[in-house]
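A.B. asks: return a 3D structure for these sequence lines:
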Amino acid sequence: MATSSVSDTIRLLVGRESLTEVRALFRSSSGDDSRICRNNFYLGSQCDQVAIDVHAIDNKKECIGIYLVSNPIDPTLISRNDGVWRKPFSTKVKSSKSTDMVSRKWVLVDCDSSRESDSSATEFERSQAFRLADDVVAALGVFGFCSPVRADSGNGCHLLYPVDMPSDQTNNHIVRDFLKELSSRVTSAGAQVDPVTWDSQRMVRLYGTRARKGSSTPERPWRTTGILNPGNTTDEARLKNVAAIRSAMSCWSSQTSLLAGQSVRTAVDVARSYLGKIEPAVSGSSGHARTYRAAITLVEGFGLSSEEAKVVLQEWNLRCSPPWSDHDLEHKISSAIAKADPSRLGHLLKRPDPIAKVAVSASGPRADATVADLIRLGQSMQWIWPGWIQRGVLIGLAAEPGAGKTRLCADLVKRINLGMPWPDGTPPTLDRGSTVMWVACDGQWGEITQFPAEFGFAPESIFLNAWNDNPTEGTMLDQPDQFKQLEERIVRTGVSLVFLDTVMNSTTHNTMRPEDGVKFFKPLAEVAQKTNTTIVLVTHLSVGGEALGRRIVGQCRQMISLEKIEGEAPNSSSRKIFVSKSNSIMPPEIMLSMGDNGNTYSGEKEAEPTMNPLWWAGSYLGTGRKPESFALRDAERSGYSLGAIKDAFDRLSKRAPSSGEYIWLETK
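C.D. replies: This is a model prediction of the structure:
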């Protein structure tokens, strides 16, 4: 699911017969910064009633946030709701304490962005937290952790690992030490794992409500929270996660003991000397792989912490050509930590003379490689749209002139930004509100400016490869500094896809000649790989029906073809898309009809409402300002009646005073 309702959250996190406590924080009417708490107890079977009661308070301007006690509470405490005149959240009842917790069912890993404590995150800050969450899942997967519940906290990402543990002081200390160690080992630029979420009485956001930190501004807006992935919550997964916590702590303890046998300075000095004999990375000569292997040597071979590894890697980086940015180094270290083999942690330190007796290699002692080594070095295949768009590579989109390539791209932008299913009906894989970059090499500026209004997404959803004082620059990619600027902008904006439209107009190199083509495709592929972002090369078909510039086909991992239907009238809107080349299994072709406001596809399923209309409207408008007519159309496509959704929009949104054409989320 892309976003869950309040009732969905209760169903997933609270057992049907278990008791939970919902707490709402309000600003004090005294006008100072003090806050007041109002609460109510509910059984999991009362999930729909929770949604009704919370709906009544979530839109009040004095409401700061609504939270849920994540672990089961003594069921007798439901009697505290009793009162002749009492309404939920109108007065305070005695809250639960840690001693009232019956058991521990969840361990919360809070991946939060680095920012002022009482302020909402920017989209870039938020993306940093989600990248850290990916690293956490990968790092814990090494120890056997099952897939967690993944939730959008509004400003970061929550990972809730299901467990089955007694709620006592001993297990509180185990979880506390686990989160403290995890926080120190899995790091990322601009984000961190909060180590204080260990207590069994820990509250989490009641997903489906809004996160309201500080003042809501266009740059730092309030957002609707939601569950992004339900994870694996079976009884078997809970037992596996408990065992995995013990496995991780045992491994980390062994590593700490190993380093205690020799001073930290000695370990760092040995690693520094070892890395000093490794050739530096050079751009265009597998520099990415060499730097990654240097990072995994430090964190796996010598068992260094992320901070220790960063110091040594920065020194080695001074010899690289060109040197990597601190952000790149931090990302490689966190990726290396995520991929490190626990059984090999510190293996170079265990040798009596790791420098003299071990062959100098960035991956440690040499042995015959297997595919397991590729997986450990991060060479796994990742998909944005499964079967169609692979992450971190070049893919091609080819069609004859006038077939609608650019409008197909715009439809993909809409689906990415609004959290809609992919054209074949598969669930969305990117967070609602995700952005793209459009390099308008054909100078089609006027056409692009129409897309937000026509397709119903925010104009801020599309970044350009330029600064705001000259937005039409950045369409040529010939020189090394131009590729570097593109790479830096991708990292800075956190976009999910980059469209080069059309690719043949983005370079002066003759890409038909191998010696010239490599000057364009090789650095472009390196940008995609280093940023783990897909770059879509939009191109025309030749008279013979092949992608214009045959070398494009050879350079792309996937080629997507868009074609008119044979025998249809010239002005027909019917098309088909299919993968004509892939390094994976070919998916079935998809028939589509191109529309003025978006496409309809044969693979799409009939929409059914998945949440209360009010929560759907809040989540939809949370991605930005929308034309009202298209908002109503998208609501109908999602299965909501016009009457219900109009009422929801009336309660949540503002309209332009002059015409009412646009609506946006009310934030005051």
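
A.B. asks: Three-state assignment for residue 347, please.
C.D. replies: The three-state assignment at residue 347 reads coil, by DSSP: H, G, I helix; E, B strand; the rest coil.

A.B. asks: wait, it sits on residue 299?
C.D. replies: No - with contacts defined as Cβ atoms under 8 Å, residue 347 does not count as touching residue 299, sitting 11.8 Å away. From N, CA and C alone the C-beta is placed, and that goes for glycine too.

A.B. asks: so for those two, which sits in the more crowded spot?
C.D. replies: residue 299 (27 against 18; other Cβ atoms under 10 Å).

A.B. asks: residue contacts, the more buried one?
C.D. replies: 306, 309, 333, 336, 337, 340 (Cβ atoms under 8 Å, 6 or more residues apart in numbering).

A.B. asks: that one belongs to a helix?
C.D. replies: Yes - the assignment for residue 299 is a helix, going by three-state DSSP.

A.B. asks: then the helix or strand containing residue 562 to CSV, C-alphas only?
C.D. replies: Residue 562 belongs to strand 558-564 when assigned by DSSP states H and E. Output of strand 558-564 as CSV, limited to C-alpha atoms (Å, rounded to 0.1, in the frame of the first residue of the first chain):
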residue,chain,number,x,y,z
GLN,A,558,16.4,-1.6,-21.2
MET,A,559,14.8,-0.2,-24.4
ILE,A,560,11.2,0.7,-24.1
SER,A,561,9.3,1.2,-27.4
LEU,A,562,6.1,3.2,-27.9
GLU,A,563,4.2,2.5,-31.1
LYS,A,564,1.0,3.5,-32.8
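
A.B. asks: which secondary structure elements does that strand sit against?
C.D. replies: Judged by 3 or more Cβ pairs under 8 Å, 6 or more residues apart in numbering; DSSP states H and E, the packing partners of strand 558-564 are strand 394-399, strand 574-581.

A.B. asks: would you map the strands across the stretch 451-600 of the chain?
C.D. replies: 462-464, 497-501, 534-540, 558-564, 574-581, 590-593, 600-601 (DSSP state E, counting those that start in this stretch).

A.B. asks: pLDDT below threshold where in the stretch 551-668 of the chain?
C.D. replies: Residues of the stretch 551-668 of the chain that meet the criterion pLDDT under 70 lie in 551, 603-612, 615, 619, 622-625, 637-638, 653-662, 664-668.

A.B. asks: try 50 this time
C.D. replies: Low-confidence segments of the stretch 551-668 of the chain, defined by pLDDT under 50, span residues 657-659, 667-668.

A.B. asks: please enumerate residues in contact with stretch 470-477?
C.D. replies: 439-441, 443, 445, 464-467, 482-483, 485-486, 500, 505-508, 520, 523-524.

A.B. asks: ok, 10 Å please
C.D. replies: The contact list for stretch 470-477 (Cβ atoms under 10 Å, 6 or more residues apart in numbering) reads 437, 439-443, 445, 463-467, 482-483, 485-486, 489, 500-501, 503, 505-509, 520, 523-524, 527.

A.B. asks: could you list the buried residues of it?
C.D. replies: 474, 475, 477 (16 or more other Cβ atoms under 10 Å).

A.B. asks: spit out the contact partners of the residue nearest to the spatial centre of the chain.
C.D. replies: Nearest to the mean C-alpha position of the chain, counting by Cα atoms, centre = their mean, stands residue 130 at 4.3 Å. By Cβ under 10 Å, 6+ apart, the contact set of residue 130 is 111, 113, 150, 152, 156-157, 188, 191, 228, 430-431, 434, 494.

A.B. asks: state the number of residues packed around residue 338.
C.D. replies: Look at residue 338: counted by other Cβ under 10 Å, it has 20 neighbours.

A.B. asks: quickly find the element holding it.
C.D. replies: helix 326-339.

A.B. asks: tell me the mean pLDDT for that helix?
C.D. replies: Mean pLDDT, computed over helix 326-339, is 80.

A.B. asks: next helix or strand past the helix or strand bottoming out on mean pLDDT in the chain?
C.D. replies: Here the helix or strand of the chain ranked lowest by mean pLDDT, DSSP states H and E is helix 371-376, holding a mean of 61. Next in sequence after helix 371-376, counting helices and strands by DSSP H and E, comes strand 383-385.

A.B. asks: and the contacts of the helix or strand just after that next one?
C.D. replies: Per DSSP H and E, the first helix or strand lying C-terminal to strand 383-385 is strand 389-390. The contact list for strand 389-390 (Cβ under 10 Å, 6+ apart) reads 381-384, 395, 397, 412, 422, 429, 496-497, 528, 534, 536, 556-558, 560, 579, 582-584.

A.B. asks: how far away is residue 492 from residue 325?
C.D. replies: 11 Å (Cβ to Cβ, to the nearest Å).

A.B. asks: of these two, who's got more company?
C.D. replies: Using other Cβ under 10 Å, the more surrounded residue of residue 492 and residue 325 is residue 325, with 15 against 11.

A.B. asks: now do the buried residues in stretch 438-447.
C.D. replies: 438, 439, 440, 441.

A.B. asks: and the helix or strand that contains the first one, what does it pack onto?
C.D. replies: Read it as residue 438. For residue 438, the host element (DSSP H and E) is strand 436-440. The contact analysis (3 or more Cβ pairs under 10 Å, 6 or more residues apart in numbering; DSSP states H and E) places strand 436-440 against helix 405-418, helix 445-455, strand 462-464, helix 480-493, strand 497-501, strand 534-540.

A.B. asks: can you redo these as TSV with mean pLDDT and distance to residue 280?
C.D. replies: What follows is these, written out as TSV (pLDDT from 0 to 100; distance: least, Cβ to Cβ, whole Å):
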stretch	mean pLDDT	distance to residue 280
helix 405-418	91	37
helix 445-455	88	41
strand 462-464	93	32
helix 480-493	88	17
strand 497-501	92	28
strand 534-540	89	27
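
A.B. asks: quick one, which of the ones you listed is nearest to residue 136?
C.D. replies: Among these, the nearest to residue 136 by Cβ to Cβ is helix 480-493 (19.9 Å).

A.B. asks: on the three-state scheme, residue 663 is what?
C.D. replies: Residue 663 ends up strand, using three-state DSSP.

A.B. asks: dump the helices and strands packed on strand 558-564 to JSON lines, plus distance to residue 171 and mean neighbour count.
C.D. replies: JSON lines is the format used below for the helices and strands packed on strand 558-564 (distance: least, Cβ to Cβ, whole Å; neighbours: other Cβ atoms under 10 Å):
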{"stretch": "strand 394-399", "distance to residue 171": "47", "mean neighbour count": "25"}
{"stretch": "strand 574-581", "distance to residue 171": "49", "mean neighbour count": "18"}
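
A.B. asks: any chance of TSV for those, columns distance to residue 452?
C.D. replies: Output for the helices and strands packed on strand 558-564, formatted as TSV (distance: least, Cβ to Cβ, whole Å):
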stretch	distance to residue 452
strand 394-399	21
strand 574-581	23
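
A.B. asks: to residue 273, which of those strands lies closest?
C.D. replies: That would be strand 394-399 among these, by Cβ to Cβ, at 39.0 Å.
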